[in-house]
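Peer 1: just to be clear, the model below is a prediction. Sequence and coordinates:
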Amino acid sequence: MLDASVAAKWMLPPKGELLRDEALRVLDGYGSGEINLVVPDIFWAECGNIVWKAVWQRRLDRAVAEVELESLMRRNIPTVPSGKLLLAAVSIAFDYGRSVYDCLYVALASQAKKELITADERLANALAARFPVKWLGAF
């Protein structure tokens, strides 16, 4: 599984986008069936916000942003309602000082017994010792 920080690397222009090759390997692995992905439903809102922000910052054209988002949505990544993860996510957030948004992904990874791949190095550093969280740079 992955968080929106990895998907951002798929959608944003490659110039200046660190870890893009690693993110594309995850995408290729999903496409070939080697990697199974599942995300909490907040993933989709975060991806929408990523492309909106890129357009607002003039990093991405609006039409391209919409195409990228539609392309991501067509991948039909299985999605879990955040409500099913919320209590566990809040507990993790309280215990480790991370946002509930990030902890929804961590809670899902823990419950699914799958590894969370994130491009957020601080998140990986903070939680990898206790949860199945892996930094994209180590992928």
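Peer 2: Cool, got the structure.
Peer 1: quick check, F43 in contact with T79.
Peer 2: Yes: counting by CB atoms under 8 Å, T79 is a contact partner of F43 at 7.0 Å. Where C-beta positions appear, they are placed from N, C-alpha and C, glycine not excepted.
Peer 1: can you pick out the residue with more neighbours from the two?
Peer 2: F43 (25 against 15; other CB atoms under 10 Å).
Peer 1: how near is that one to T118?
Peer 2: In this structure, F43 and T118 are 12 Å apart, going by CB to CB, to the nearest Å.
Peer 1: find the residues that touch each one of those two.
Peer 2: Common neighbours of F43 and T118 (criterion: CB atoms under 8 Å, 6 or more residues apart in numbering): 3, 105.
Peer 1: what comes up buried for the longest helix that the chain contains?
Peer 2: Looking across the chain with DSSP state H, the single longest helix is helix 42-56. By neighbour count on 16 or more other CB atoms under 10 Å, the buried set for helix 42-56 is 42-44, 46-47, 50-51, 54-55.
Peer 1: A109: which of the residues you listed is nearest?
Peer 2: Of all the buried residues of helix 42-56, A109 sits closest to F43, with 12.5 Å by CB to CB.
Peer 1: and for the closest residue to that closest one other than its chain neighbours, the neighbour number?
Peer 2: Spatial nearest neighbour of F43, chain neighbours left out: A4 (5.4 Å); criterion: CB to CB, 6 or more residues apart in numbering. Around A4 there are 25 other residues, counting by other CB under 10 Å.
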